[in-house]
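*Asks:* Only the shape, not the letters, is given here:
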């Protein structure tokens with residue numbers, strides 16, 4: 001019986017096997033998300049690093065172009081050309097072509113605008129060397145600098161200033177300290193007349209001639225005991241040596257006949273040893289040319305004929321032997337003399353170590369007429385420019 005029961009039990013059907021539910025893992029999505037985040041972070045870091053690099057490079061190039069602009073401005077002022085800019089009309093704009101920075105590293109160009117008779121605006125744009133104007137891109141800087149002319153302050157207190165005795169030969173010498181417009185100059189070229197000056201200024205009263213009727217002014221004569229050689233050599237912040245070094249024309253003692261080239265309205269004016277400008281006709285090609293003429297060396301220079309204008313510096317003596325007219329400032333360290341039938345006419349001012357016009361007792365004559373217009377035009381035409389001391393510089397863009 002027992003065996004039967006066991007058999008019966010062993011033949012009974014088995015209960016079905018229950019399988020555990022299937023679970024999906026999150027490791028892969030988490031890993032992928034982490035990879036994506038890491039890639040995004042790397043990409044972001046790379047992007048920001050690249051942007052920072054670009055910004056740093058742009059900043060460097062901008063500062064470089066600004067340095068180019070500063071250097072170019074300093075060089076432009078150092079090499080200022082008075083003949084190009086000084087006598088331009090107020091309001092005129094004169095462009096200058098593209099040039100390489102004096103220190104390398106870029107190029108620049110711009111223009112000069114004349115604000116007043118003595119102030120100018122230098123408008124200069126600079127490009128760094130990698131991005132030039134021709135390529136049309138990259139860093140550039142535009143700066144404006146306000147310039148003023150440095151005055152050449154010659155001590156002019158009379159039509160004729162002498163450090164030594166004055167010798168007039170007769171009644172054919174005429175020294176006039178009352179301001180006057182030069183005979184051939186239109187009033188449109190000059191400001192209103194200025195103050196009248198003395199006829200003759202000397203160090204000692206005994207240096208003046210006895211023929212008082214030959215010189216007029218306010219007063220006719222002026223005695224300045226403190227007058228010395230500095231009147232012939234020191235001109236405000238500049239001096240005789242500096243002016244001589246910046247001369248347009250250099251000659252040595254000899255005989256010359258001067259005249260403009262060309263002597264007509266058709267230009268351009270051609271500089272040369274005997275071309276001292278055209279004061280006779282300001283509308284001619286050389287009418288706006290006021291050179292500094294430097295006569296270098298001891299000895300005597302003789303001018304036989306012609307004309308000139310500007311500033312004449314003479315180390316030795318100067319003799320006029322014919323008809324010669326000059327507009328501007330004449331400074332002679334030695335003596336200013338006439339010979340023969342000389343008939344010099346000077347419209348401006350004369351400063352000399354001595355005066356000998358005795359030859360005019362014959363058929364010659366001598367005229368020295370103070371003209372504030374010719375003096376100012378001659379001095380202003382040769383003044384150098386300098387930045388104003390305050391608020392004279394601006395980044396324009």
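*Replies:* Sure, I can see it. Only a predicted model underlies this, so the values are computations on that prediction, with no experimental measurement involved.
*Asks:* what's near enough to touch residue 217?
*Replies:* Contact partners of residue 217, counting by Cβ atoms under 8 Å, 6 or more residues apart in numbering, are 158-159, 175-178, 196-200, 370. For the C-beta atoms, the positions are set from N, CA and C on the backbone; glycine is no exception.
*Asks:* Which residue is the nearest non-sequential neighbour of it?
*Replies:* The shortest distance from residue 217 to any residue other than its chain neighbours is 2.3 Å, reached at residue 177 (Cβ to Cβ, 6 or more residues apart in numbering).
*Asks:* what sits against the residue nearest to the spatial centre of the chain?
*Replies:* Central residue of the chain (Cα atoms, centre = their mean): residue 80, 3.1 Å from the mean position. Residues near residue 80 by Cβ under 8 Å, 6+ apart: 384-385.
*Asks:* next one: the one 4 residues further on
*Replies:* Listed by Cβ under 8 Å, 6+ apart, the contact set of residue 84 reads residue 94.
*Asks:* For it, what is the enclosing helix or strand?
*Replies:* For residue 84, the element it lies in under DSSP states H and E is helix 82-85.
*Asks:* Just after that helix, pick out the following helix or strand.
*Replies:* Criterion used, DSSP H and E; the element after helix 82-85 is strand 93-100.
*Asks:* Just checking: what are the partner strands of that next one?
*Replies:* Strand pairing for strand 93-100, determined by DSSP bridges: strand 106-114 (antiparallel).
*Asks:* Quick check: mean pLDDT of the partner strand?
*Replies:* Per-residue pLDDT over strand 106-114 has a mean of 92.
*Asks:* now what about that strand, what contacts it?
*Replies:* Residues contacting strand 106-114 (Cβ under 8 Å, 6+ apart): 64-65, 68-69, 72, 85, 88-101, 120-129, 132-133.
*Asks:* Go again with 6 Å.
*Replies:* 68, 72, 85, 88, 90, 92-95, 98, 100, 120-129, 132 (Cβ atoms under 6 Å, 6 or more residues apart in numbering).
*Asks:* Can you go through those residues and name the buried ones?
*Replies:* With neighbours counted by 16 or more other Cβ atoms under 10 Å, the contacts of strand 106-114 contain buried members at 68, 72, 85, 120-129, 132.
*Asks:* Relative to residue 167, which of the residues you listed is nearest.
*Replies:* Set against residue 167, the nearest of the buried ones among the contacts of strand 106-114 by Cβ to Cβ is residue 85 (42.2 Å).
*Asks:* ok so, going back, just the ones in helices from the buried ones among the contacts of strand 106-114, please.
*Replies:* Among the buried ones among the contacts of strand 106-114, the members found in helices (DSSP state H) are 68, 72, 85.
*Asks:* Distance to residue 309 and pLDDT for the buried ones among the contacts of strand 106-114 - can I get that in JSON lines?
*Replies:* Converted to JSON lines, the buried ones among the contacts of strand 106-114 look like this (distance: Cβ to Cβ, whole Å; pLDDT from 0 to 100):
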{"residue": "68", "distance to residue 309": "39", "pLDDT": "85"}
{"residue": "72", "distance to residue 309": "33", "pLDDT": "89"}
{"residue": "85", "distance to residue 309": "18", "pLDDT": "92"}
{"residue": "120", "distance to residue 309": "23", "pLDDT": "95"}
{"residue": "121", "distance to residue 309": "28", "pLDDT": "95"}
{"residue": "122", "distance to residue 309": "27", "pLDDT": "95"}
{"residue": "123", "distance to residue 309": "31", "pLDDT": "95"}
{"residue": "124", "distance to residue 309": "32", "pLDDT": "93"}
{"residue": "125", "distance to residue 309": "36", "pLDDT": "91"}
{"residue": "126", "distance to residue 309": "37", "pLDDT": "88"}
{"residue": "127", "distance to residue 309": "41", "pLDDT": "86"}
{"residue": "128", "distance to residue 309": "44", "pLDDT": "81"}
{"residue": "129", "distance to residue 309": "44", "pLDDT": "73"}
{"residue": "132", "distance to residue 309": "42", "pLDDT": "47"}
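*Asks:* Go through the residues you listed and name the one nearest residue 365.
*Replies:* residue 85 (38.2 Å).
*Asks:* For the closest one, which non-adjacent residue is closest in space?
*Replies:* What sits nearest to residue 85 in space, not counting adjacent residues and going by Cβ to Cβ, 6+ apart, is residue 112, at 5.4 Å.
*Asks:* Please name the bridge partners of that neighbour.
*Replies:* Beta bridges link residue 112 to residue 94, residue 122 when assigned by DSSP bridges.
*Asks:* so how many other residues sit close to it?
*Replies:* Residue 112 has 22 neighbouring residues, counting by other Cβ atoms under 10 Å.
*Asks:* what's the distance between the residue nearest to residue 233 when sequence neighbours are not counted and residue 146?
*Replies:* Leaving aside its chain neighbours, residue 233 sits nearest to residue 240 (4.2 Å; criterion: Cβ to Cβ, 6+ apart). In this view, residue 240 and residue 146 are 29 Å apart by Cβ to Cβ, to the nearest Å.
*Asks:* try residue 72
*Replies:* Using Cβ to Cβ, we find residue 72 at a distance of 16 Å from residue 146.
*Asks:* and if you look at residue 80?
*Replies:* Note on residue 80: its distance to residue 146, by Cβ to Cβ, is 14 Å.
*Asks:* for residue 171, same thing?
*Replies:* Distance from residue 171 to residue 146, by Cβ to Cβ: 53 Å.
*Asks:* Could you do residue 192 as well?
*Replies:* Remark: distance between residue 192 and residue 146 (Cβ to Cβ) = 27 Å.
*Asks:* more crowded one of these two?
*Replies:* Ranked by neighbour count (other Cβ under 10 Å), residue 192 and residue 146 place residue 146 first, with 16 against 9.
*Asks:* Mind listing what's buried along stretch 280-287?
*Replies:* Quick answer for stretch 280-287 (16+ other Cβ under 10 Å): 280-282, 284-287.
*Asks:* and the two most separated of those residues?
*Replies:* Farthest pair in these, by Cβ to Cβ: 280 and 285, 12.2 Å.
*Asks:* Would you double-check that residue 64 falls in a helix?
*Replies:* Yes: Residue 64 sits within a helix when classified using DSSP: H, G, I helix; E, B strand; the rest coil.
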